[in-house]
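Q: how would this look folded up:
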Amino acid sequence: MTKKWSIASAACALLTILTLAGCYVPVNFPELVDVPQSARVVLPARYRIIGRSVQRRPITCLVFGTGPDVTFIMATIHGNEPAGTPLVRRMATYLRQHPEILDGRRVVLLRTSNPDGMVYNSRYNAHGVDLNRNFEAANRLNTKQSGPRALSEPEARVIRQIILEYKPNRIVSIHQPLACIDYDGPGQPLANRMGQYCSLPVKKLGARPGSLGSYAGVTLGIPIITFEMLRADSQLDAEALWRKYGKSLLAAIVYPNAV
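A: Sure, this is the predicted structure:
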């Protein structure tokens, strides 16, 4: 073995060690594909049953990383908008296989926010309440569909608990079918960045009474994105959804850095 070859081999070995230790972050993201089994470094996630629905179905979240920069990504607060659940599940797979992305970061994933509604293909929870109108925002209205009072529903209380416990720097709530990237609070720069990586246009829809956007974005001042996919996206499998929207979600995690 030549001296030149030995130096190159040593450099590659050192780079590998630094990468595994979290000291080196590549300039570009890995491709949005699975890493070969023989080459995987799998990052464990903290799995929590953080609450239960009206009908006692578990509401679970996954927590990756321990860094101070926190992103909270959630899906299916409306049970008839289910495409976000496989997309967030696919995000979990990606994070397990690419721990270098989590250097200095923490990601909290809530795959199904409204499990009862998802079972019944209903916008509402089992009490007939729109969970995205059940938060303690200044513009809240007490109605049959928004609930008799703020946080009357266990699913909304779970979401609030996650926000208060993990104190996210940004929130992404995945919806359908309005085909745009909506934002509340100081979320426009984040929306613009996410819009660079998918075909959805950035569009301000306005903070709805008692919505999560009103609560987190306006009341708490957290940048929050309502990521409105297409209705037809419910027909796509997790891999197709990931190819379509994965980089946009990753852009939220590494913000303000570019993907």
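Q: How about the contacts made by His175?
A: By Cβ atoms under 8 Å, 6 or more residues apart in numbering, His175 lies in contact with Ile77, His78, Glu81, Gly84, Thr226, Phe227, Glu228, Met229. C-betas here are computed from N, CA, C, even on glycine.
Q: Hmm, I typed the wrong one, I wanted Ser53.
A: Going by Cβ under 8 Å, 6+ apart, Ser53 touches Ile59, Asn114, Pro115, Asp116, Asn125, Ala126, Pro154, Glu155.
Q: Dump the residues you listed into JSON lines; add secondary structure, pLDDT and distance to Arg52 as well.
A: Below are the contacts of Ser53 laid out as JSON lines (DSSP: H, G, I helix; E, B strand; the rest coil; pLDDT from 0 to 100; distance: Cβ to Cβ, whole Å):
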{"residue": "Ile59", "secondary structure": "strand", "pLDDT": "98", "distance to Arg52": "6"}
{"residue": "Asn114", "secondary structure": "coil", "pLDDT": "98", "distance to Arg52": "12"}
{"residue": "Pro115", "secondary structure": "helix", "pLDDT": "98", "distance to Arg52": "9"}
{"residue": "Asp116", "secondary structure": "helix", "pLDDT": "98", "distance to Arg52": "10"}
{"residue": "Asn125", "secondary structure": "coil", "pLDDT": "98", "distance to Arg52": "12"}
{"residue": "Ala126", "secondary structure": "coil", "pLDDT": "98", "distance to Arg52": "11"}
{"residue": "Pro154", "secondary structure": "helix", "pLDDT": "98", "distance to Arg52": "6"}
{"residue": "Glu155", "secondary structure": "helix", "pLDDT": "98", "distance to Arg52": "9"}
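Q: Max pairwise distance over these: which two?
A: Pairwise distances across those (Cβ to Cβ) peak at 12.8 Å, for the pair Ile59 and Ala126.
Q: Name the residue in the two with the higher neighbour count.
A: Using other Cβ atoms under 10 Å as the criterion, Ile59 and Ala126 rank with Ile59 on top: 24 against 21.
Q: beta partners of the more buried one?
A: Taking DSSP bridges, one finds Gly51 as the beta-bridge partners of Ile59.
Q: right, and it touches Gly117 too?
A: No. Applying Cβ atoms under 8 Å, one finds Ile59 not in contact with Gly117, separated by 11.8 Å.
Q: so who does the closest residue to Met74 other than its chain neighbours touch?
A: Take Met74 and drop its neighbours on the chain: the residue closest to it by Cβ to Cβ, 6 or more residues apart in numbering is Leu110, 3.9 Å away. Going by Cβ under 8 Å, 6+ apart, Leu110 touches Ile59, Thr60, Cys61, Phe72, Ile73, Met74, Ala75, Val88, Val158, Ile159, Ile162.
Q: circling back to that earlier point, cross the contacts of His175 against strands and list the overlap.
A: Cross-referencing the contacts of His175 against strands under DSSP state E gives Thr226, Phe227, Glu228, Met229.
Q: Can you tell me which of the contacts of Leu110 is nearest Leu131?
A: Nearest to Leu131 among the contacts of Leu110 is Ile159, at 7.8 Å by Cβ to Cβ.
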